[in-house]
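Peer 1: Got a predicted model here, sequence first, then my questions.
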Amino acid sequence: MTDKSVAEFPSADFWRSLSYFNLYRLALSSLFVFLAWVFGSSLSLGARNWTIFFAASLIYVVAVVLSYVLLRLRWPRFEVQLAAQIGTDIVALSVISHASGGIQSNIGLLLLISLAAAGMISRGRITLFFAALASIAALLEHSYGVLYDDAVAAQYVQVGLLCVSYFAVAWLAHTLAKYAVESQQLAQRRGHDLASLSEANSLVMRDMQDGVLVVDDQGAIMQMNPGAERLLRRSVSPGSLLSETFPLLFGQYAMWKQTGSVSQGTLQLGAGAQARLRFVSIERGAAHGVVIFLEDMQRVQAEAQQIKLAALGRLTANIAHEVRNPLSAISYATELLQEEQPDARQQRMLQIVLDNTQRINQIVQDVMQLNRRDRVQAEVFELGVMLRAFVEEFSLAERVEPGVMVLAGMPDAEVSFDRGHLRQVIWNLCRNALRYSRKLPGSLKLTVNAEGERMRLSVQDDGPGISAEHRGKLFEPFFTTSADGTGLGLYVAKELCEANGASLECCASEDLPGACFCILFGNLQGEKKGA
């Protein structure tokens, strides 16, 4: 590991380690001063020259205090401060060792602690450079003692062993620091991975449409996603007992623990809701528990119904396309026969044939239009402009007296819709309303108002209204109460609204006469942001 790895670690770790190292240096230097001040020359410390020992100890304390000031300022940079402090230790301890008798005082061993600390703090090979400096200082100190004092040349062996120990401790500290750094990096990566997995797990559970409950081996609920809260119609805090909060589900859970299977695959949850149960045990290490999956059967049935309707739509569209050609031939032949001036009975029969071919042709057109509902070309436009033009066109086409159709509310609002689809939907609704209305001034009212951030268009008539038994079947295909109706008008209208991000529903009120159908348009602001 090189010194470049220092920059890869958070600076706070290095400064904190250097602060702890300075605490040791301050304690050591203060101990030297204390011993020299209290015991004087009676100790072996300073045996060769007590004055130099005491002066070096005082200077050592001052240098450590100064390093504390620079450490708080964090100036100069970390590498410079570390090198200066280790250099100070080498010089100070070498002088104190010389004043105390050289290699015999064993003070040089204290440098082993400084070198080990330098290796752990710097986490680089610069520790070997510090060991080299300490070895040079030890050799110079002993050489000076041999030349000018009473040191013995034979003790070079001890000095050499001390220098070897410097390098050994420095290399060992460097190696341990390298492994510590790698372990720290691995722990950080594992921590990030664990946090990412936890976040992904939370997102998956939150966005799952099925309900998920995590229960431990004691029957306590550890986790519960919004899907489960929606199906069970209740939210509980982690640690709640399953037996107290959901006793019906707990009964199935207890049976599964005993027999490995549930008594019924589908659980009745009230209000017509059903959920299919699935238990998956958790047995990894010391963890034991179970994950309970609640599959919403209404959603499954709705998806299956949509798939069936889509397949049926493609089939009927193909059939309708094949029916149009012979249907046109029948209609054309009937019109030719009517031109030959048949008798009254034949004329009535031909008219029945012509009426039914037109009815079948209308069904074919509705089916083919329904098959094109995914071809949406939505655009943003002012609803009022479109409605005013529509009222004029509809009144002329259906021969509506002036004043029968009324436009109210706030028609200048903007909506996002396919113009052709919206015209077809409103035309169907207004034609039905006109058929059952009293055709008096104001009998057919189109009202535009705001519902939150969405716009709402209501088509209201003053007819007899819709019975309660028929309201649940209004949007079913081929349901009609009229003898000449196809039963596809409202179904196609609802499908076109949903294809444009809107909804169509019957919103009749007991306070108002007649029937009322409402188109709730999509959120225009959300679409603009998405664009």
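Peer 2: Structure received. Residues are numbered from 1 along each chain as shown.
Peer 1: Count the residues that sit near His491.
Peer 2: In this structure residue 491 is Tyr, not His. Neighbours of Tyr491 under the rule other C-beta atoms under 10 Å: 19. To be clear about C-beta, it is placed using only N, CA and C from the backbone, and glycine gets the same treatment.
Peer 1: and it, helix, strand or coil?
Peer 2: helix (DSSP: H, G, I helix; E, B strand; the rest coil).
Peer 1: now it, nearest residue through space, not along the chain?
Peer 2: Nearest non-adjacent residue to Tyr491, counting by C-beta to C-beta, 6 or more residues apart in numbering: Pro477, 4.6 Å away.
Peer 1: Skipping adjacent residues, who's closest to Val214 in space?
Peer 2: Using C-beta to C-beta, 6+ apart, the nearest residue to Val214 is Gln223, at 4.0 Å.
Peer 1: Can you give me the pLDDT of Phe39?
Peer 2: Per-residue pLDDT puts Phe39 at 88.
Peer 1: From Phe54, how far out is it?
Peer 2: 11 Å (C-beta to C-beta, to the nearest Å).
Peer 1: Between these two, which has more neighbouring residues?
Peer 2: Phe54 (21 against 11).
Peer 1: The helix or strand hosting that one: what's the following helix or strand?
Peer 2: For Phe54, the host element (DSSP states H and E) is helix 50-73. Going down the chain from helix 50-73, the next helix or strand is helix 78-99, by DSSP H and E.
Peer 1: Could I get the average pLDDT for that following helix?
Peer 2: 94.
Peer 1: That one - contacts with which helices or strands?
Peer 2: helix 11-39, helix 50-73, helix 110-122, helix 126-148 (3 or more C-beta pairs under 8 Å, 6 or more residues apart in numbering; DSSP states H and E).
Peer 1: need the longest strand for the protein.
Peer 2: The residue-count maximum for a strand in the chain (DSSP state E) belongs to strand 273-284.
Peer 1: That strand: which residues count as buried?
Peer 2: 273-277, 279 (16 or more other C-beta atoms under 10 Å).
Peer 1: now what about the helix or strand following it, what contacts it?
Peer 2: Scanning forward in sequence from strand 273-284 by DSSP H and E, the next helix or strand is strand 287-296. Under the contact criterion C-beta atoms under 8 Å, 6 or more residues apart in numbering, strand 287-296 has outside partners 209-217, 222, 227-228, 231-232, 249, 253, 256-257, 267, 273-282.
Peer 1: ok, back up a step: let me see the contact set for the residue nearest to Val214.
Peer 2: 205, 212-214, 238.
Peer 1: before we move on, which element is the residue nearest the centre of the chain in?
Peer 2: By C-alpha atoms, centre = their mean, the mean C-alpha position of the chain lies nearest to Leu203, the distance being 4.5 Å. Element membership for Leu203, per DSSP H and E: helix 156-207.
Peer 1: what angle separates that helix from helix 78-99?
Peer 2: 150 degrees (axes from the mean of the first three to the mean of the last three C-alpha atoms, to 10 degrees).
Peer 1: What angle do helix 11-39 and helix 156-207 make with each other?
Peer 2: 140 degrees.
Peer 1: average pLDDT across helix 156-207?
Peer 2: Mean predicted confidence for helix 156-207 is 90.
Peer 1: Mind giving me the packing neighbours of that helix?
Peer 2: helix 110-122, helix 126-148.
Peer 1: again, 10 Å this time
Peer 2: Helices and strands touching helix 156-207, as assessed by 3 or more C-beta pairs under 10 Å, 6 or more residues apart in numbering; DSSP states H and E, comprise helix 110-122, helix 126-148, strand 211-216, strand 221-224, helix 226-232.
Peer 1: Show me how far that helix is from its chain's centre.
Peer 2: 32 Å (C-alpha atoms, centre = their mean, to the nearest Å).
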